[in-house]
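# Structure for the following, please:
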Amino acid sequence: MDAKSQLKVIEAGFLILRPDDQPSPRIKYKSNERHEWATMEKFESKAARDRRLKELLECCAHNIQD
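A predicted model of the protein is given here:
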């Protein structure tokens, strides 16, 4: 998804989530309040990050993955 599309999505009320590995496993997000990528949570392992990302995507209909 390009930046223009991301902006349209977050202005519609969605929270965009993205897994990231550098410098450590973490989940980044963009929201209507924050249009730049920011760290939501940091994790000890990729498996823990992936489990949490799955939880976040399943629990809230307004959370989407980039």
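# To what extent is Glu11 buried, counted in neighbours?
By other C-beta atoms under 10 Å, the residues close to Glu11 number 10. Every C-beta, even on glycine, is put in place using the N, C-alpha and C of the backbone.
# Equivalent analysis for the one 10 residues further on, please.
When counting by other C-beta under 10 Å, one arrives at 9 neighbours for Asp21.
# Test my guess that it contacts Lys46.
Yes - if you go by C-beta atoms under 8 Å, Asp21 and Lys46 touch, sitting 6.8 Å apart.
# quick one, what contacts Met40?
Residues counted as contacts of Met40 (C-beta atoms under 8 Å, 6 or more residues apart in numbering) are 17, 26-29.
# which stretch of helix or strand covers it?
Element membership of Met40 [criterion: DSSP states H and E] is strand 38-42.
# Closest one of the contacts of Met40 to Glu11?
Among these, Tyr29 lies closest to Glu11 (C-beta to C-beta), at 14.9 Å.
# which residue packs closest to that closest one, ignoring adjacent ones?
Taking C-beta to C-beta, 6 or more residues apart in numbering, and ignoring the residues beside it in sequence, Tyr29 has Met40 as its nearest neighbour in space, at 4.7 Å.
# gap between the residue nearest the centre of the chain and Pro23?
Per C-alpha atoms, centre = their mean, the C-alpha nearest to the average position across the chain is that of Leu17, at 1.3 Å. The spacing between Leu17 and Pro23, counted by C-beta to C-beta, to the nearest Å, is 19 Å.
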